[in-house]
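**Q** Just need the structure, nothing else, for what follows:
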Amino acid sequence: MNLIDRLVLFFLGIYLISMFYSMYLLSIAMISLSVLAIYKYLRKDQEYKLSGLFPFTALVLVFFVTVISGVNSEDLTQWVRHLRLKLPFLILPFSFYIHKDIIGNYFYHILLFYICLTLVSSFPVMYDMFFEKDLVYNIKMGKALNTPVDHIKYSLFVAFALLTSLILLIENRVSSVLKSKTLLRVSAVSLFVVLHLLAVRSGLVVFYLTAFFLLFRYSVKSKKLVFLVPLISLLTVPFIAYQTIPSFQNKIHYAKYDYEMFRAGKGESYSDSERWYSMGVGLALFKQSPIFGTGIGDLKQECKQTYKNLYNMENEKYPHNQYLFILAGSGIIGLILFLVGMVYPAFHFRERLDSLFLTIMIIVMISFLVENTIERSYGIAFALFFILSIMSYKSSTYFKDEMASKPQSK
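**A** This next block holds a predicted model:
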């Protein structure tokens with residue numbers, strides 16, 4: 001392995017670590033990977049085909065949506081802020097494509113590193129859970145645990161690490177790259193417990209929906225009834241968790257109380273109610289400008305005015321729904337371009353659409369229903385890293401050689 005490839009692996013590791021702990025280092029890692037990609041491309045050590053780059057560049061459409069939404073934006077300062085936030089969608093697809101071979105060769109190492117990193121990051125969270133005396137009371141009041149990043153994003157990180165562990169075990173992908181299954185078993189069990197102790201509904205919903213879909217898919221493809229046992233068992237776990245895990249039970253009670261406050265028109269200080277209010281604002285703004293939206297630069301000010309008009313509230317929060325965020329800011333045209341950019345990579349690899357690719361796509365697309373996931377750096381970093389890493393693996397010379405030698409892995 002040459003020095004450049006070693007540096008690529010190093011900055012991929014920094015990228016994953018900083019995704020949990022440091023936005024500054026996250027930016028450094030992204031920039032470094034991009035600089036190394038440009039250097040490799042200019043050296044012309046190998047030929048890079050335009051056709052191979054095409055599925056990667058589909059993600060650039062997400063950046064392009066922000067660009068064109070500036071046309072009808074009067075607040076250019078806010079527009080530039082959103083443009084800067086979406087820069088990874090412009091630069092990382094090219095970078096990962098250039099680095100695809102080294103990522104392909106070390107793909108399972110990268111996944112294992114992420115699983116271990118997620119598990120280690122949960123230790124301080126669990127310590128707080130068991131030794132923080134006011135924690136149960138705080139959960140009853142709707143407060144979140146102390147997590148490395150926003151608790152909702154963190155629950156998505158945990159859910160993906162858990163599902164990845166299970167996929168590697170079920171599909172027997174533990175080859176010479178990962179000599180021991182013990183670590184994956186320990187990680188899967190531990191992260192399953194962590195996810196339920198966190199009791200963040202976004203993480204739980206994406207886990208159960210994705211797990212249910214994958215088990216059903218395994219059952220259909222293998223034509224074996226053995227997968228129906230965990231499929232049915234999966235449906236009982238939330239009920240067991242409700243009876244045995246105080247944090248999970250308290251979150252359910254809080255959600256019911258929150259909804260009651262929302263229906264009574266008193267939910268302005270409750271987390272779930274805030275989401276419902278913000279979605280109402282997003283829908284109202286979309287109806288005002290359905291084709292091109294309000295313009296991403298003006299969206300914050302428009303949200304502030306609509307909160308006042310609809311709910312008589314002094315608030316300026318964006319819609320807690322990525323689809324409504326795009327509709328409000330960029331209209332139907334923006335949403336179409338956005339969906340094409342996000343979904344086309346999976347469509348391009350549809351004949352090799354394995355469980356890992358399905359998992360990250362389901363998690364990201366479902367998270368869009370309750371969060372404006374890619375309006376924050378950590379959400380962008382998470383979605384792009386794993387979508388692009390899986391695409392790199394599938395596009396790499398390593399993957400092609402593996403497919404030739406083991407057609408059944410298809």
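**Q** so where's the protein shaky on pLDDT?
**A** 131-145, 175-179, 223-235, 237-273, 397-410 (pLDDT under 70).
**Q** Please name every helix or strand in contact with the helix ranked longest in it.
**A** If you go by DSSP state H, the chain has its longest helix at helix 322-348. Using 3 or more C-beta pairs under 8 Å, 6 or more residues apart in numbering; DSSP states H and E as the contact test, the elements touching helix 322-348 are helix 50-57, helix 60-68, helix 271-288, helix 299-311, helix 355-367. In short, each C-beta sits where N, CA and C put it, glycine included.
**Q** for those helices, which one sits closest to residue 30?
**A** Smallest distance to residue 30 across the helices and strands packed on helix 322-348 (C-beta to C-beta): 13.6 Å, for helix 60-68.
**Q** Tell me how far whatever helix or strand comes next after the closest one lies from the chain's centre.
**A** The element immediately downstream of helix 60-68 (helix or strand, assigned by DSSP states H and E) is helix 76-85. In this view, helix 76-85 has its centroid 22 Å away from the chain centroid, taken as C-alpha atoms, centre = their mean, to the nearest Å.
**Q** Now do the residue nearest to residue 274 when sequence neighbours are not counted against residue 282, distance only.
**A** Spatial nearest neighbour of residue 274, chain neighbours left out: residue 317 (6.7 Å); criterion: C-beta to C-beta, 6 or more residues apart in numbering. Separation of residue 317 from residue 282 (C-beta to C-beta, to the nearest Å): 10 Å.
**Q** likewise residue 118?
**A** From residue 118 to residue 282 the distance is 31 Å (C-beta to C-beta).
**Q** now do residue 46
**A** 46 Å.
**Q** Kindly report the same for residue 290.
**A** 12 Å.
**Q** Quick check: which of the helices and strands packed on helix 322-348 is nearest to residue 152?
**A** Per C-beta to C-beta, nearest to residue 152 of those: helix 355-367, 8.1 Å.
**Q** Now the common contact residues for residue 317 and residue 282.
**A** Contact criterion C-beta atoms under 8 Å, 6 or more residues apart in numbering; residues shared by residue 317 and residue 282: residue 303.
**Q** The two - which one has more neighbours?
**A** residue 282 (27 against 17; other C-beta atoms under 10 Å).
**Q** my read: that one touches residue 327, true?
**A** Yes. With contact defined as C-beta atoms under 8 Å, residue 282 counts as touching residue 327 (6.8 Å).
**Q** so who does the spatially closest residue to residue 111 that is not a sequence neighbour touch?
**A** Closest residue to residue 111 apart from its sequence neighbours, by C-beta to C-beta, 6+ apart: residue 164 at 5.7 Å. Residue 164 makes contacts with 111, 114, 115, 356, 359, as judged by C-beta under 8 Å, 6+ apart.
**Q** okay if I get those as TSV plus neighbour count?
**A** Formatted as TSV, the contacts of residue 164 follow (neighbours: other C-beta atoms under 10 Å):
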residue	neighbour count
111	25
114	23
115	21
356	22
359	24
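**Q** just curious, which of the residues you listed is nearest to residue 12?
**A** For the contacts of residue 164, the nearest to residue 12 is residue 114 (9.9 Å; C-beta to C-beta).
**Q** re the thing from before, residues that sit against both of residue 290 and residue 282, list them.
**A** Joint contacts of residue 290 and residue 282 (C-beta under 8 Å, 6+ apart) are residue 327.
**Q** Could you measure from residue 74 over to residue 97?
**A** 36 Å.
**Q** got it, and residue 29?
**A** 17 Å.
**Q** Skipping its backbone neighbours, what lies nearest residue 59 in space?
**A** Per C-beta to C-beta, 6+ apart, closest to residue 59 is residue 93, 4.9 Å.
**Q** Show me what the host helix or strand of that neighbour is packed against.
**A** Assigning secondary structure by DSSP H and E places residue 93 in helix 87-98. Packing partners of helix 87-98 (3+ C-beta pairs under 8 Å, 6+ apart): helix 23-43, helix 50-57, helix 60-68, helix 377-395.
**Q** so how far is stretch 278-292 from its chain's centroid?
**A** The answer for stretch 278-292 is 24 Å, by C-alpha atoms, centre = their mean.
**Q** cool, stretch 360-372 as well?
**A** On C-alpha atoms, centre = their mean, the centre of stretch 360-372 falls 7 Å from that of its chain.
**Q** can you check stretch 11-22 too?
**A** On C-alpha atoms, centre = their mean, the centre of stretch 11-22 falls 15 Å from that of its chain.
**Q** Could you do stretch 343-356 as well?
**A** 16 Å.
**Q** returning to that earlier point: out of the helices and strands packed on helix 322-348, nearest to residue 381?
**A** So among the helices and strands packed on helix 322-348, helix 355-367 is nearest, using C-beta to C-beta, at 12.1 Å.
**Q** in that closest one, what's buried?
**A** Within helix 355-367, the residues that count as buried by 16 or more other C-beta atoms under 10 Å are 355-367.
**Q** Just send the residues you listed back as CSV, with distance to residue 38 too.
**A** Output for the buried residues of helix 355-367, formatted as CSV (distance: C-beta to C-beta, whole Å):
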residue, distance to residue 38
355, 33
356, 28
357, 27
358, 32
359, 31
360, 26
361, 28
362, 33
363, 31
364, 27
365, 31
366, 35
367, 31
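**Q** Now the two most distant members of the residues you listed.
**A** 355 and 367 (18.2 Å).
**Q** helix/strand/coil for residue 163?
**A** Using DSSP: H, G, I helix; E, B strand; the rest coil as the criterion, the local structure at residue 163 reads helix.
**Q** Enumerate every residue touching it.
**A** 207, 210, 211, 214, 359, 363.
**Q** Relative to residue 46, how far out is it?
**A** Taking C-beta to C-beta, one finds residue 163 at 33 Å from residue 46.
**Q** I'd assumed residue 90 was in contact with residue 30.
**A** No. Residue 30 is not in contact with residue 90 according to C-beta under 8 Å; the separation is 10.9 Å.
**Q** picking that back up, give me the more crowded residue out of residue 74 and residue 97.
**A** residue 97 (24 against 12).
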